[in-house]
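S.K.: please find the sequence and the predicted model below.
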Amino acid sequence: MFLSPLVLKAISVDNYIFQFCGVKLFGAMQVLSNDAIIYFIIFLLFYLSLLDKTPNIASVIIRIVAIIVLSLYIIDYYVITNFYTHFVISDAIKYASYAPKYIKQIYEKGFIVFFIPLALVSVTVLIIFTKYKIKNKIIHWFFIVILLFFLLISSFTSNENYVHAWMYRNFFDYNLMILSESKDYSDEFIDNFVFDDKMFYSSKIPETPNIIILLVESLSSYQSLFFSGIKNWTPNLDEIASENISYKNFYANGYTSECAFLSLLTGHYPIYPPPDLSHGRRVPFYGFYDIEDSLPNILNRQGYSTEYLANSDVDFLNIGNWAKSIGFTYIEGSEHPYYRKFDKFSFGAAPDKALFDRVLERVKFNKNNNYFLFVKTTSSHPPFIDPESKIKSEALVFKYVDKQIGIFYKKLEKLDFFKKGILVIVGDHHAMVPLKKKEIDSFGPLKVVAQIPMIVSYGGKKKSVVYEQYQQVDVFNSIKCLISNTQLYSDWLGDVFSYGKKAAKYILFRRGDSRNLISVFSGDKDFLIKLDGDNTHMRGNHSLDKVKRDLIVKKINYLRIIQNNKAHLSKKH
């Protein structure tokens, strides 16, 4: 029972690593050597608690500690296999209030909700309060041999900075490794910090189209034959892409939906200030409330109606309150009476078909106004339950979502939306699943986790394939420029709409595997920046000259320092 999580993790990580290097057992051996120290501690604690000389009350306390360590290990394994990131203390704080609700939604039916927790509690109580003591020398030697075995195996731990080493690190080692992200800047560093974020401007004629951003949960390039040539799960999306403007080198700016919201709706990179529990920096959207120059606020000032429409629970991540704080005039989630008649899935979400039908109603409702609709789907969120068949299958889910997008698109055409409308279809982040060897070979080991599709549709009036690199914050900037008389761009910010599109020179991506690292993409070159307060630096060997290295590092320091100052002003949230 104690060893099963270790064995399962070894198998899972080995399969993951195999996708990258094509070598079997490497990942499994690394898991065994990295996690051996944890199992050494667990078995040592239980051994001490079973010694005849250990008082009963001390035995109970020692076993509780051992159970806590084992529980954290199991939780970490669950997070790795379901979300392909480690269990992080900051995430536990961030999602603690919603986690029980999420688990209940996933396992709402069946014996799991009642019997498994009951069984676990029963076994745990039995283990903690048993009065059994070791009397037999053979059992003593059994424990000693096991402890020596784990101690020996732990000596083979590799300290190499392999790009996917995060996967096989143990829970404690990983959380210690990413602590550099939490290292704050010194007052002296901030006082002497100077950065010139140079912007470029040109005049243009403003436009006032109706705009829909369709943010598709976990939409990734590998799912599309058009965008990757790997899977053929999205034929309708591929057809839309081939008839409009498609972006084949488009990137998310972060690994979560929260990152996508920030990038698309505020134009801010989702790069947070150093976390600090005492200042509440672990809460969702920390420091990004009440942004005056958010996309909804900018559009509101131009007379637009701005709506946030989702089929999920807007209480998750406090999205409803955050959306209101950045200016949305209408906010709707699964709590709306419209969704009462539908089955509910992850995050209390109705099927995407219901969402698309609801969006069409809002399009009709707003027909006499200029409007901006931000639409967030949910059906393709893990654990990938197909709303039609109720079968757990990633392929079936994305085929379902693709079918609904195709129907939605055709209905928009019938409503003459494209007479004065633009539809942007974009993924929020790469799906939290093991990376495929083909996509790693196609996009590279660093870029692959950020690669997502984007389509800009004018109803087939404009058609092209764009190979320049763009990112989610560029969508924000492009809409901002579209409705104004000024085109704005920089080395860090592109424009996908205006005549003479401008691609940013640098793209930033907040990583989910190694939280203390930021990926930077520039053409065919990739860089990693280690977050470490005053000592934030570019990692690894590269041919980039010192001026450009300093520029990239300074930009990231600038984003974190500025965001830290803004965060203190919105501490009430």
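M.R.: Received it, and whenever you're ready, just let me know what you need.

S.K.: identify the residues contacting stretch 403-421?
M.R.: 209-212, 214, 216, 235-237, 239-240, 351-353, 356, 359-360, 363-364, 379, 423, 425, 457-461 (CB atoms under 8 Å, 6 or more residues apart in numbering). For glycine as for every other residue, the C-beta is placed from the backbone atoms N, C-alpha and C.

S.K.: of those, which belong to helices?
M.R.: 235-237, 239-240, 352-353, 356, 359-360, 363-364 (DSSP state H).

S.K.: can you say which of the contacts of stretch 403-421 are buried?
M.R.: 209-212, 214, 216, 236-237, 240, 351-353, 356, 359-360, 363, 379, 423, 425, 457, 459 (16 or more other CB atoms under 10 Å).

S.K.: chain neighbours aside, what residue packs nearest to Leu44?
M.R.: Leu147 (5.9 Å; CB to CB, 6 or more residues apart in numbering).

S.K.: specify the local secondary structure of the one you found.
M.R.: helix (DSSP: H, G, I helix; E, B strand; the rest coil).

S.K.: what's the separation between it and Asn136?
M.R.: Distance, Leu147 to Asn136, by CB to CB, to the nearest Å: 17 Å.

S.K.: between the two, who's got more neighbours?
M.R.: Neighbour totals were compared for Leu147 and Asn136, and Leu147 leads with 16 against 8 (other CB atoms under 10 Å).

S.K.: OK, contacts around that one?
M.R.: 40, 43-44, 47.

S.K.: do the same with Arg515
M.R.: Counted by CB under 8 Å, 6+ apart, Arg515 has contacts 88, 178, 181.

S.K.: swap in 6 Å and give it another go.
M.R.: Residues near Arg515 by CB atoms under 6 Å, 6 or more residues apart in numbering: 178, 181.

S.K.: now swap in the one 5 residues further on and tell me
M.R.: Shown in contact with Val520 (CB under 6 Å, 6+ apart): 506, 508, 527, 552.

S.K.: redo these as CSV? Include distance to His542, secondary structure and neighbour count.
M.R.: Shown next, in CSV, are the contacts of Val520 (distance: CB to CB, whole Å; DSSP: H, G, I helix; E, B strand; the rest coil; neighbours: other CB atoms under 10 Å):
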residue, distance to His542, secondary structure, neighbour count
Tyr506, 14, coil, 20
Leu508, 16, strand, 25
Phe527, 6, strand, 20
Ile552, 11, helix, 20
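
S.K.: same list (the residues you listed) but as TSV, adding distance to Phe195 and pLDDT.
M.R.: Shown next, in TSV, are these (distance: CB to CB, whole Å; pLDDT from 0 to 100):
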residue	distance to Phe195	pLDDT
Tyr506	14	96
Leu508	15	97
Phe527	18	93
Ile552	11	95
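
S.K.: mind putting the ones in helices among the contacts of stretch 403-421 into JSON lines with distance to Thr81 and pLDDT?
M.R.: Shown next, in JSON lines, are these (distance: CB to CB, whole Å; pLDDT from 0 to 100):
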{"residue": "Pro235", "distance to Thr81": "30", "pLDDT": "98"}
{"residue": "Asn236", "distance to Thr81": "30", "pLDDT": "98"}
{"residue": "Leu237", "distance to Thr81": "28", "pLDDT": "98"}
{"residue": "Glu239", "distance to Thr81": "34", "pLDDT": "98"}
{"residue": "Ile240", "distance to Thr81": "33", "pLDDT": "98"}
{"residue": "Asp352", "distance to Thr81": "25", "pLDDT": "97"}
{"residue": "Lys353", "distance to Thr81": "29", "pLDDT": "98"}
{"residue": "Phe356", "distance to Thr81": "31", "pLDDT": "98"}
{"residue": "Val359", "distance to Thr81": "34", "pLDDT": "98"}
{"residue": "Leu360", "distance to Thr81": "37", "pLDDT": "98"}
{"residue": "Val363", "distance to Thr81": "40", "pLDDT": "97"}
{"residue": "Lys364", "distance to Thr81": "43", "pLDDT": "96"}
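
S.K.: tell me which of the residues you listed is nearest to His542?
M.R.: Leu237 (35.9 Å; CB to CB).

S.K.: was I right about that closest one contacting Asp402?
M.R.: Yes: between Leu237 and Asp402 a contact is recorded at 5.3 Å, counting by CB atoms under 6 Å.

S.K.: tell me how far Trp233 lies from Arg511.
M.R.: Distance from Trp233 to Arg511, by CB to CB: 26 Å.

S.K.: now Lys135
M.R.: Lys135 is 52 Å from Arg511, by CB to CB.

S.K.: show me which of those two is the more surrounded one.
M.R.: Arg511 (20 against 9).

S.K.: worst mean pLDDT across the helices and strands of the protein, which element?
M.R.: Counting by mean pLDDT, DSSP states H and E, the chain has its least confident helix or strand at helix 112-129, which shows a mean of 58.

S.K.: still on that earlier bit, okay, the contacts of Val520 in a markdown table with distance to Phe417 next?
M.R.: Shown next, in a markdown table, are those (distance: CB to CB, whole Å):
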| residue | distance to Phe417 |
| --- | --- |
| Tyr506 | 35 |
| Leu508 | 33 |
| Phe527 | 41 |
| Ile552 | 41 |
